[in-house]
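Visitor: Structure for this input, please:
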Amino acid sequence: MSAALKKSSSNGSDKSVTIEEQHAKISEIRKLIGPLPEKLAIYCSDAALTRYLRARNWNVKKATKMLKETLKWRAEYKPEEIRWEEVAHEAETGKIYRSNYIDKHGRTVLVMRPSCQNTKSTKGQIRYLVYCMENAILNLPPDKEQMVWLIDFNGYNLSHTSVKVTRETAHILQDHYPERLGLAILYNPPKFFEPFWKVTPFLTFFPLFFFSCFLVKEHEIFTYPCEVSQEYPYMI
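Guide: Numbering: from 1, shown residues only. The predicted structure follows:
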């Protein structure tokens, strides 16, 4: 059985901001952040600034602060310089990988299998997560800003969870990859997760407005469901 979480359009934040107002807010952010070196400017497209504004409910001051923190993080952490050779050992069990199929909207699908954790290094696990996020983003179509997560909980138990890694994961994804998640599919989630589905800040790195939970079938989501069924036959 699978459940899916997606951001509801009922929050109304976009509807309350006209196109003209959106453009004005984007221009205001550009003035506040000032000129940037080319290697950081590429992360400040209009679409990117819109994501930060949405994440902060169109509050220019808060969105600018969030963006500046991300730019500082990028300058120091250098996620674009992470190479496969550095993280290959983290990938040996297939705990996170970009799938070769896409959803019906053309979005990249990132598969996560938390039960396949194979290392103890917080630094290594986070570096690999960031590598996978960057790779997934690079493989998004030009007109897409969000991706899909298929989180496979088969064989999962609490012993696979590190509080430190979970906390750092939430920080990285929520603060530096805002509005990147369009849909999260929980495949075979454990029973103890069910109460959290009714709580808005469930896994705080998910979009923080409202979620709808529903059973999903692969043909409703994926462009090539036959490819999905080979890997996850019980989603049908």
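
Visitor: can you list the domain ranges for the protein.
Guide: 2-9+91-235, 10-77 (automatic domain parsing).

Visitor: Buried deepest among the ones you listed, which one?
Guide: Ranked by mean neighbour count, these are led by domain 2-9+91-235 with a mean of 16 (mean count of other C-beta atoms under 10 Å). Bear in mind the C-beta positions are built from the backbone N, C-alpha and C, glycine included.

Visitor: Now the phi/psi pair for the residue most central in space within the chain, please.
Guide: Central residue of the chain (C-alpha atoms, centre = their mean): Leu181, 4.0 Å from the mean position. Torsion angles at Leu181 (phi, psi; degrees, to the nearest 10) stand at phi -100, psi 120.

Visitor: again with Ser121
Guide: Here Ser121 shows phi and psi, under degrees, to the nearest 10, equal to phi -80, psi 120.

Visitor: so what's it up against?
Guide: By C-beta atoms under 8 Å, 6 or more residues apart in numbering, the contact list for Ser121 is empty.

Visitor: make it 10 Å
Guide: The neighbours of Ser121, taking C-beta atoms under 10 Å, 6 or more residues apart in numbering as the test, are 89-90, 127-128, 165.

Visitor: okay if I get these as JSON lines plus pLDDT and secondary structure?
Guide: JSON lines is the format used below for the contacts of Ser121 (pLDDT from 0 to 100; DSSP: H, G, I helix; E, B strand; the rest coil):
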{"residue": "His89", "pLDDT": "98", "secondary structure": "helix"}
{"residue": "Glu90", "pLDDT": "98", "secondary structure": "helix"}
{"residue": "Arg127", "pLDDT": "98", "secondary structure": "helix"}
{"residue": "Tyr128", "pLDDT": "98", "secondary structure": "helix"}
{"residue": "Val165", "pLDDT": "92", "secondary structure": "helix"}
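
Visitor: rewinding a little: lowest average confidence across the domains of the chain, which one?
Guide: Mean pLDDT is lowest for domain 2-9+91-235 among the domains of the chain, at a mean of 77.

Visitor: circling back to that earlier point, would you check how far apart the residue nearest to the centre of the chain and Lys31 are?
Guide: Note on Leu181: its distance to Lys31, by C-beta to C-beta, to the nearest Å, is 29 Å.

Visitor: Equivalent analysis for Thr169, please.
Guide: 33 Å.

Visitor: from what I can see the residue nearest to the centre of the chain touches Met147, true?
Guide: Yes - contact between Leu181 and Met147 holds when scored by C-beta atoms under 10 Å: they sit 6.6 Å apart.

Visitor: what is in contact with those two at once?
Guide: 107, 110.

Visitor: list the contacts for Lys25?
Guide: 17, 49-50, 53, 58-60, 63-64.
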